[in-house]
Structure formats: structure tokens, C-alpha cells
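In: Sequence and predicted structure, then a few things I'm wondering about:
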Amino acid sequence: MSGSPLRDRSTGFALLTILLWASLAALTSRVSSVSPLVLVGLVLFFCGAGALPFWRQWRASPVTWLVTITALLLYHLLLFMSFRHAPVLEANLINYLWPLFIILFTPLLLPGHPLQGHHLLAGLLGLAGSVLVMVNGELQLQYAYLPGYLLALGAAIIWGGYSVLSRRLPAAPAVMVAAACLPAGLLALLTAWWLEGPLPLTTIPAGDWALIIGLALGPMGAAFVTWYLALRDGDPRRIGALSYLTPLLSTLLLVWLNGEELTLRHMLAGTLILGGALLGMKASQVKQATPLPDATS
């Protein structure tokens with residue numbers, strides 16, 4: 001089939017992104033010397049700084065720059081603010097609605113990509129598996145935390161919407177996404193300075209600086225580029241279903257690093273998520289929309 005190589009490439013980029021994102025919680029949980037907002041600002045700044053040698057490839061339309069910078073900044077800002085106004089478990093669980101939003105937004109924003117039953121079922125299986133893997137009978141949504149829940153929901157909507165909308169933006173080199181992290185990171189640091197006071201840069205230990213650089217190179221650096229490449233050529237409905245592998249792999253990594261026991265709950269969650277991912281990979285009966293041209297060529 002003529003479309004198979006393209007689908008395989010986009011799926012490969014999506015899986016690489018998922019693997020990188022799976023290490024995000026394990027790495028960020030070990031950085032304790034700065035607030036979450038300062039952390040995201042520093043990581044985005046260094047991610048963007050890493051794109052400086054490729055400045056000649058930063059060619060993109062103003063609307064692409066604006067949407068990308070805004071999405072990167074608002075998503076992380078709303079997510080980390082939600083952690084302040086609600087328990088992290090519940091806020092992060094609501095945040096993981098974004099793969100389902102990708103599936104739901106695709107027929108609204110991308111002509112030629114109708115929502116079919118197996119796409120929706122794949123998203124719901126992934127969501128059910130994520131709830132199971134992240135909740136151990138302790139989920140208690142409370143009205144007092146409603147602002148935090150709404151912030152997390154806003155973050156999920158923004159990332160799901162941006163992921164689909166990126167297909168509608170004027171084509172740009174993938175390195176431009178990394179470059180957009182530079183102004184987004186500066187804006188996040190300015191926001192942290194405004195909300196939290198002077199930045200504690202001189203008190204960050206060497207070990208935390210190493211983790212910050214590692215985050216900039218991997219789960220919050222290269223991952224943005226591979227995510228852009230996956231969505232530029234791939235079917236967002238399929239990629240949205242695959243994305244539910246992220247909380248599963250993240251939890252399994254934390255279980256391994258912390259020496260915890262793998263339980264029946266983890267295995268059942270993995271079965272649901274993998275089943276949803278495989279269902280989402282099912283070839284669509286509708287002709288795929290023509291992918292955007294490769295602007296890097």
C-alpha cells in the first residue's frame with residue numbers, strides 16, 4: 001500500500017514521543033529546588049536555546065509562531081497552576097483527557113477525518129486504562145478543588161486542540177517548534193518572577209541543573225519536535241489513541257525506579273490501554289487526507 005510508509009513514519013515519531021514523555025514524571029519528581037513554574041520556564045528556555053545553532057531554519061509564518069508559543073506557554077502554565085489548586089493525582093488525571101480531545105477535535109478541525117466508532121472506543125478504552133493505572137481507590141473529586149480541576153481541563157483542551165490544529169497551520173520546519181520554546185520559556189520565567197518573586201537560580205544544586213538540562217534535551221525538548229512530525233503526517237485519531245500509552249509507561253517506570261510491586265491493577269490497565277491503542281491503529285475506511293508538505297526539504 002502506498003500510504004503504509006507514511007503511516008509507519010508518523011507512528012514511529014508518535015511512539016518515540018510517548019517514550020520520551022514517559023520519563024517526564026520520573027525526572028520532574030526529582031527536581032525539588034524550584035517551583036513547577038520556574039522548572040517549566042527553565043526547561044523550555046534551554047530547549048529553545050538548543051535550537052539556536054539552527055536559526056537559519058526558523059522560517060515560519062507569524063501565525064505558526066503565535067499559535068505554537070501560545071500553546072506551549074498556556075498548556076504548561078495551566079497544568080502547573082492546577083497542581084497548586086487541586087491534588088496532583090486528580091489534576092493530572094483530568095489533564096490526560098487531552099488524547100481523547102485529539103480524537104474528538106479531529107473531525108471538527110480536519111476535513112476528511114470523520115470520527116468513526118472504533119476511534120471513539122479506542123479513546124474511551126485508553127481513558128479507562130489511565131484512570132485505573134493512576135487511581136488506587138483514592139479518587140475523591142471535591143468541590144473545593146474545582147478551580148484546579150478547571151485549570152487542568154483547560155490544559156487538556158489546549159494541548160488536544162493545538163495537536164490537531166498544528167495540521168492546519170502553514171507548514172514549518174520541525175526545528176521551529178523547539179525554537180518556539182525559547183520565548184515560551186522566557187514568558188514562563190517572567191510569570192514566575194511576577195507571581196513568586198526573584199528566581200532562585202543561585203540556589204539550584206548541580207544535580208537539579210543536570211535534570212533540567214536532561215528534561216530540555218528529552219521529554220520537554222526533542223519530544224516537542226517528534227510530536228510535531230508525528231502529527232504533521234499522521235492521523236490524529238490514531239495518534240490520540242496511542243497517546244494513552246504515556247501514563248501507563250510513566251507509571252511502570254516509576255514502579256521500577258521506586259522498587260514497587262507490579263499489581264493486577266497495572267496489568268489490567270495495560271490491557272485496556274494497549275487494546276485501545278491497537279484499535280486506534282485500525283486502518284480507516286475513509287480515504288486519508290493529503291498530508292502537509294515536508295517543509296524541511
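Out: Nice, thanks for sending it over. Numbering: from 1, shown residues only.
In: Which residues are in contact with Ala60?
Out: 170, 172-173, 176 (CB atoms under 8 Å, 6 or more residues apart in numbering). No exception for glycine: its C-beta is placed from N, CA and C like everyone else's.
In: Where do the helices of the stretch 51-200 of the chain begin and end?
Out: With DSSP state H, counting those that start in this stretch as the criterion, the stretch 51-200 of the chain has helices at 62-85, 88-95, 98-109, 117-134, 146-165, 175-196.
In: Dump these to TSV, plus mean neighbour count, mean pLDDT and distance to Leu248.
Out: TSV is the format used below for the helices of the stretch 51-200 of the chain (neighbours: other CB atoms under 10 Å; pLDDT from 0 to 100; distance: least, CB to CB, whole Å):
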stretch	mean neighbour count	mean pLDDT	distance to Leu248
helix 62-85	19	88	19
helix 88-95	20	73	13
helix 98-109	22	82	12
helix 117-134	21	73	6
helix 146-165	21	88	17
helix 175-196	20	92	25
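In: Make JSON lines out of those and add distance to Val38.
Out: What follows is the helices of the stretch 51-200 of the chain, written out as JSON lines (distance: least, CB to CB, whole Å):
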{"stretch": "helix 62-85", "distance to Val38": "10"}
{"stretch": "helix 88-95", "distance to Val38": "17"}
{"stretch": "helix 98-109", "distance to Val38": "24"}
{"stretch": "helix 117-134", "distance to Val38": "25"}
{"stretch": "helix 146-165", "distance to Val38": "18"}
{"stretch": "helix 175-196", "distance to Val38": "5"}
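In: Quick one: closest of those to Trp256.
Out: Judged by CB to CB, the one of the helices of the stretch 51-200 of the chain that comes nearest to Trp256 is helix 117-134, at 14.0 Å.
In: Distance from the chain centre to that closest one, please.
Out: 17 Å (CA atoms, centre = their mean, to the nearest Å).
In: Let's see that helix as PDB, backbone CA atoms only.
Out: C-alpha atoms of helix 117-134 as PDB (Å, rounded to 0.1, in the frame of the first residue of the first chain):
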ATOM      1  CA  GLY A 117     -16.800   4.300  16.200                       C
ATOM      2  CA  HIS A 118     -13.500   2.500  16.700                       C
ATOM      3  CA  HIS A 119     -11.700   5.800  17.100                       C
ATOM      4  CA  LEU A 120     -14.100   6.800  19.900                       C
ATOM      5  CA  LEU A 121     -14.000   3.400  21.500                       C
ATOM      6  CA  ALA A 122     -10.200   3.400  21.400                       C
ATOM      7  CA  GLY A 123     -10.100   6.800  23.200                       C
ATOM      8  CA  LEU A 124     -12.500   5.600  25.900                       C
ATOM      9  CA  LEU A 125     -10.500   2.400  26.500                       C
ATOM     10  CA  GLY A 126      -7.400   4.400  26.800                       C
ATOM     11  CA  LEU A 127      -9.100   6.800  29.200                       C
ATOM     12  CA  ALA A 128     -10.400   3.900  31.300                       C
ATOM     13  CA  GLY A 129      -7.000   2.300  31.500                       C
ATOM     14  CA  SER A 130      -5.400   5.700  32.500                       C
ATOM     15  CA  VAL A 131      -7.900   6.100  35.300                       C
ATOM     16  CA  LEU A 132      -7.100   2.600  36.500                       C
ATOM     17  CA  VAL A 133      -3.400   3.000  36.400                       C
ATOM     18  CA  MET A 134      -3.300   6.400  38.100                       C
END
